[in-house]
Every structure is written in C-alpha cells, then in structure tokens.
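Q: below: sequence and its predicted model.
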Amino acid sequence: MPTILGQNQYGKAENRVVKITRDGATHHIKDLNVSVALSGDMDEVHYSGSNANVLPTDTTKNTVFAFAKEYGIESAEQFGIHLARHFVTSQEPIHQARIRIEEYSWERIETSDANSKFIGADEVKHSFVRKGQETRLTQITYDGEKWEVVSGLKDLVVMNSTNSEFWGYVKDKYTTLQEAYDRILATQVSSRWRFNWTDDEQKMPNWEKSYEQTRKHMLQAFAETYSLSLQQTLYQMGARIINNRSEIDEVRFSLPNKHHFLVDLEPFGLKNDNEVYFAADRPYGLIEATILRDGCEARIPVDMTNL
Ligand SMILES: O=c1[nH]c(=O)c2[nH]c(=O)[nH]c2[nH]1
C-alpha cells in the first residue's frame, strides 16, 4: 500500500451541557462545553470502512449528558476524569481518551433591599448573570494507566494603571519607541497549568480549590509586581503559582500586551499628563513562556491555543 494512516482521533466536540443542582430553593449551575476525542484500534474504519471498533460519536455525546445526571458535575476536572476512564475501560479498542472542557461561570444576582425583605433572603437563589470574565479550561488525557490533567483559563483581562515601566531596550535604526517610566500594563491572560497527579490511586487534588487559589496567586502577582517588562510580570505570575501550589509543576502563559498609547493633545492646546490613552487592539506584543518547577519536564505544547 503506498499510503498509511497516521495519528487519528474522533469523538463529539463541543457538547454544551448545563447541570442544575437543586438544593431546595437554592440552585447551583455548572455550564460546560465538553469535547471528546478517542483513539485506539481504528485502522479498519479508515482503510475498509468497517465500523466494528467504532463507538459512535453520537454515543459519546449521550454519555456526556447521562454522566451529568448519573454522577453530577463536581468540577470540570472530576467530570472529565470520569468520562475518560469510562471510554478507555469500557471499550476494548479505545486506548486513549482526551476530554477537553471549557467552563462558563455564573454569579448569583443580588436582589434589591426592598425585595430581599419581601422574600426573606439576601439574594435570589435561582437567578444568575454570566460572568463576563474568564473561561475556565481543562484537558484530561488517559491511556488506561496514566493521567495527565492540564487546566487553565483564557480571556482574563487585567490592567495596572501604574507601576509599569519599559526602557533600556535594544535600539537600532528602526526603533522609534519612547522609553516609558510610567505606563499602563494590560493583558488578556491565557494560561495552562499541568498537575503532577498522574495516578488514580493517589489522592486527587481538590480541583475547585486549586483553580480558585491558582487564579488568586496569578492575579496577586500581576497586581503586586512592579513591572519593568511584561516578561518579568509573566515570570512572577508563574513563579507565584509554582511556589504556592504543590500540585502544579508547570505553568504556561500567552500574554498579549494590550498597548495603551498616550494621545497627543498638544494640537488642542491641552497637556496630557498620563491621563488620556488610545487603547490599540492590534498589532499587539505577544509574550509567551513556560515556568517550571525545578527538575520537572515541560509538557504543555508551545502552541497551546487549541488545548
Ligand atoms: O513589556 C514589554 N516587553 C517587550 O518586549 C516590549 N516591546 C515593546 O515594544 N514594548 C514592550 N513591552
């Protein structure tokens, strides 16, 4: 045969599952976008069209919804682990499952004082507003023996309105950038972190707490670093996570530098005293790096946008 089949995988992508847990009148929402990718003994379906080893993608979709009911959704990671284990252990031809999940968070809507007296509560227990902030992400990979859990977030937009400088850089004949001693530093954080948990038998991290704490350390490092470059801030954000979260060995960031340029107001006879900026959307500097626990291997792909 002049051709052979290379890497392949299949499954149902972007299953949008919303699970409401009703604790009396108080409701809880988990809102996920779950993508299933399976691989294993799939040569024949490609070569001859025999579907004997193929669990339909439609079944993988149904499994996502059935598991939401049967096991609930404690965390995206826990849910993904359940699914990955199910596909690999219940189907002989399937050797690896990769589950990717995006999670959208919802916040309770606070009620007005007058109404809370009326309903006897501080907040409505079943009304939510979707958080305009980040999307939480996770990817679970299971080959029947070892687990790899990489979680993260995207679209977390942050800004420091001072405590950022950029100067002392290389200047060649094309350099026009003015040195900045007090600039805005803003970025839209995309980050992935790899857990060192690999084995079913060991104790699993508390996924919900781990996410909250990792996000907190990341944001605190952004706020508390007096920045001489976005690269330095990035490193501090990653180092803070590695130093405080023993369950994480590797963190990767992709940080667009959302440039804010001072507007020249001289033509209008006005002085711009670091007050009025043009927020450019493109082009943007793109600063990317991995921060590792000393002695650990880098496994998060350099181009992590699809992860
Ligand atoms: O924080 C920065 N890092 C750079 O590498 C860079 N390059 C640039 O033009 N502005 C900035 N800012």
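A: Perfect, thanks for sending it.
Q: how about the helices in the protein?
A: 43-47, 57-71, 76-90, 113-119, 207-224, 230-244 (DSSP state H).
Q: quick one, which of these gets closest to the ligand.
A: helix 230-244 (3.5 Å; C-beta to the nearest ligand atom). (C-beta placed from N, C-alpha, C; glycine too.)
Q: buried set for that closest one?
A: Burial within helix 230-244, assessed by neighbour count using 16 or more other C-beta atoms under 10 Å, is assigned to 230, 233-238, 240-242.
Q: how about the residues of the stretch 51-200 of the chain near the ligand?
A: With C-beta under 6 Å from any ligand atom as the criterion, the stretch 51-200 of the chain comes near the ligand at residues 166, 177.
Q: low-confidence stretches in the stretch 51-200 of the chain?
A: Within the stretch 51-200 of the chain, the ranges that satisfy pLDDT under 70 run 111-124.
Q: can you name the residue of it nearest to the ligand?
A: Closest point on the stretch 51-200 of the chain to the ligand, by C-beta to the nearest ligand atom, is residue 166, at 4.5 Å.
Q: can you tell me the closest non-neighbouring residue to that residue?
A: residue 180 (4.8 Å; C-beta to C-beta, 6 or more residues apart in numbering).
Q: what about that neighbour, neighbour count?
A: 14 (other C-beta atoms under 10 Å).
Q: my read: it touches residue 165, true?
A: Yes. With contact defined as C-beta atoms under 8 Å, residue 180 counts as touching residue 165 (5.9 Å).
Q: how about the residues of the stretch 201-307 of the chain near the ligand?
A: Going by C-beta under 6 Å from any ligand atom, the residues of the stretch 201-307 of the chain near the ligand are 229-231, 257, 285.
Q: okay, now the spatially closest residue to residue 237 that is not a sequence neighbour: neighbour count?
A: Among residues not flanking residue 237 along the chain, residue 221 sits closest, at 4.4 Å (C-beta to C-beta, 6+ apart). Per other C-beta under 10 Å, the neighbour tally for residue 221 reads 20.
Q: wait, residue 221 sits on residue 240?
A: Yes. Counting by C-beta under 8 Å, residue 221 does reach residue 240; the two are 3.9 Å apart.
Q: follow-up on the earlier one: so which of the helices of the chain is the most surrounded?
A: helix 76-90 (a mean of 21; mean count of other C-beta atoms under 10 Å).
Q: now for the residue nearest to residue 301 when sequence neighbours are not counted: which residues touch it?
A: The shortest distance from residue 301 to any non-neighbouring residue, by C-beta to C-beta, 6+ apart, is to residue 307 (6.1 Å). Neighbouring residues of residue 307 by C-beta atoms under 8 Å, 6 or more residues apart in numbering: 100, 137, 139, 150, 152, 192, 300-301.
Q: right, I'll call it a day here.
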